[in-house]
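Enquirer: next one to model:
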Amino acid sequence: MTVVDQVLGWFSGSGVSQSGGWLPGQRQGVARQSARRRWINRRIGFRGLMLGLAMVCGPWGAGSAATAAQLTDLKGRVVAVPDRASKISIDDGRFLVALALIQADPVKHLAAWPRDIHRIGAATYAQYKAKFPALDKLPQVASSAGSFNLEAVLSAAPDVAVVSVGSGPTDAQMAQLKAVGIPVVFIDFFDNPFKNQETSLRILGQLTGSEAKASEYIAFRRQRLDKIAQRVAKLPTKDRPTVFLEAHAGMTRDCCNSPGRGNMGEYIDFVGGHNIGADVLKAPTGKLNLEYVISRDPKVYIATGGAHLEKAGGLVLGAGYEQAQTRASLVKIAQRQGIAQLSAIEQGRTHGLAHQLINSPIDIVAIEAFATWVHPELFGDVDQAKTLAEINQRFLAVPYTGTGWVSLK
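Expert: Numbers count the residues shown, from 1 in each chain. The predicted structure follows:
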């Protein structure tokens, strides 16, 4: 029995027998079994073998992996990872923005990505590809929006597989990856963005040797958050205006996507608003019916959108869109039956925001925009455009361009 067969055989949950053959229930062909064995022979080397042995041989195996570091991921798992991961795989293209904050070349550490161009927008993808052509040649793994593809990750052979909370591999798949020296780390910029931004960025910093840059950006963001928090803390509850945030405005004909408890609703709470979605939606996101929105008659209306809504005739913002085009799309959204009759629309407290400004570590730009929209009297000195300009100049390897927000007054 070869060493590779032994390592595979230790993980009976992976569907491999002690002889190296696949268990009948797995319905794996001989060709796939052979391909897997050839890949492991190439991949495992000394480090992969020692990681496999460490799982079954106790102290001797653990001692051989002494060069590994540890981190705690967003699922609370303590994970042994290389001191410096030369290559990682990611399951969401929006992680590129996070990497671009802390790396001069956000592509050099990528072993694979999902090529989910729609999530970052074609214009943003073109900007990244123009500056970093290697992006276009990277292997493809499954997006977090779908099922985890074990074979694709194995083929890409990353040092660490970075995946999104709420998706990713099963326990059995993680065991298979660990057997060949590929730890799995969960991060989150999307499910609970307000809560998990800093930790997720620190994890990426540790994995790519960019701890100092990650800490610098986190301090930059935290300083601005503290300024808002200090002013909002003095607000009585009665002075928190009702806010309706319609996510992906115009995606479908029916109304209305909204944050509930958590998710983007946390941003509204933080800047001193009252999210009407949280009063009826128990989950982080859901749908409100138009009658409910009309009955609450919110004082502030905020719509989010992006390039992904252009074909549907929804709100478009972000890279590739000029102010006039973005403003016209917001006017169209605001003129829909029922929405047009809201006090927020009639009084000119109508705003649009690029959705990608929330689903990334540059969410401080969105938070500052929310603050000026919800409490213009408190935050007249806050300038999200200036903040974005500083982020572009000090941090982002690929500057954020286009119209990130718009208001109707």
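Enquirer: what's the neighbour count on residue 323?
Expert: 12 (other Cβ atoms under 10 Å). Where you see a C-beta, it was placed from the backbone N, CA and C, and this is true even at glycine.
Enquirer: can I take it that residue 214 is in a strand?
Expert: No: read with DSSP: H, G, I helix; E, B strand; the rest coil, residue 214 is helix and lies in no strand.
Enquirer: just give the nearest non-adjacent residue to it, would you?
Expert: residue 205 (3.0 Å; Cβ to Cβ, 6 or more residues apart in numbering).
Enquirer: now do the same for that neighbour: its pLDDT.
Expert: Among the per-residue scores, residue 205 holds a pLDDT of 95.
Enquirer: that one: how many residues sit nearby?
Expert: Residue 205 has 23 neighbouring residues, counting by other Cβ under 10 Å.
Enquirer: only C-alpha atoms, please: export stretch 323-343 in PDB.
Expert: Taking Å, rounded to 0.1, in the frame of the first residue of the first chain, the C-alpha atoms of stretch 323-343 are listed here in PDB:
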ATOM      1  CA  GLN A 323     -24.100  60.700 -12.300                       C
ATOM      2  CA  ALA A 324     -26.800  61.500 -14.900                       C
ATOM      3  CA  GLN A 325     -27.500  57.800 -15.700                       C
ATOM      4  CA  THR A 326     -27.600  56.900 -12.100                       C
ATOM      5  CA  ARG A 327     -29.900  59.800 -11.200                       C
ATOM      6  CA  ALA A 328     -32.300  58.900 -14.000                       C
ATOM      7  CA  SER A 329     -32.500  55.300 -12.800                       C
ATOM      8  CA  LEU A 330     -33.300  56.500  -9.200                       C
ATOM      9  CA  VAL A 331     -36.000  58.800 -10.500                       C
ATOM     10  CA  LYS A 332     -37.600  55.900 -12.300                       C
ATOM     11  CA  ILE A 333     -37.400  53.700  -9.100                       C
ATOM     12  CA  ALA A 334     -39.000  56.500  -7.000                       C
ATOM     13  CA  GLN A 335     -41.900  57.100  -9.500                       C
ATOM     14  CA  ARG A 336     -43.300  53.600  -9.000                       C
ATOM     15  CA  GLN A 337     -46.900  53.300  -7.800                       C
ATOM     16  CA  GLY A 338     -47.000  53.400  -4.000                       C
ATOM     17  CA  ILE A 339     -43.300  54.400  -3.600                       C
ATOM     18  CA  ALA A 340     -44.000  57.800  -5.200                       C
ATOM     19  CA  GLN A 341     -46.600  58.600  -2.600                       C
ATOM     20  CA  LEU A 342     -44.200  58.200   0.400                       C
ATOM     21  CA  SER A 343     -43.300  61.300   2.400                       C
END
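Enquirer: was I right to think residue 207 contacts residue 160?
Expert: Yes: with contact defined as Cβ atoms under 8 Å, residue 207 reaches residue 160; the gap is 5.8 Å.
Enquirer: need the overlap of contacts for those two.
Expert: Jointly contacting residue 207 and residue 160 under the rule Cβ atoms under 8 Å, 6 or more residues apart in numbering are 81, 85, 88, 185.
Enquirer: least trustworthy helix or strand in this structure by mean pLDDT?
Expert: Lowest mean confidence among the helices and strands of the chain (mean pLDDT, DSSP states H and E): helix 59-64, at a mean of 30.
Enquirer: which is the succeeding secondary structure element to that one?
Expert: Downstream of helix 59-64, the next assigned helix or strand under DSSP states H and E is strand 68-72.
Enquirer: what lines up beside that next one in the sheet?
Expert: With DSSP bridges as the test, strand 68-72 is paired with strand 78-82 (antiparallel).
Enquirer: if you count neighbours, what's buried in the partner strand?
Expert: 79, 81-82 (16 or more other Cβ atoms under 10 Å).
Enquirer: likewise stretch 227-243?
Expert: 228, 231-232, 240-243.
Enquirer: what about those residues, which are in strands?
Expert: The strands, defined by DSSP state E, take in 242-243 from the buried residues of stretch 227-243.
Enquirer: adding pLDDT, write the buried residues of stretch 227-243 out as CSV.
Expert: Below are the buried residues of stretch 227-243 laid out as CSV (pLDDT from 0 to 100):
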residue, pLDDT
228, 97
231, 96
232, 97
240, 97
241, 97
242, 98
243, 98
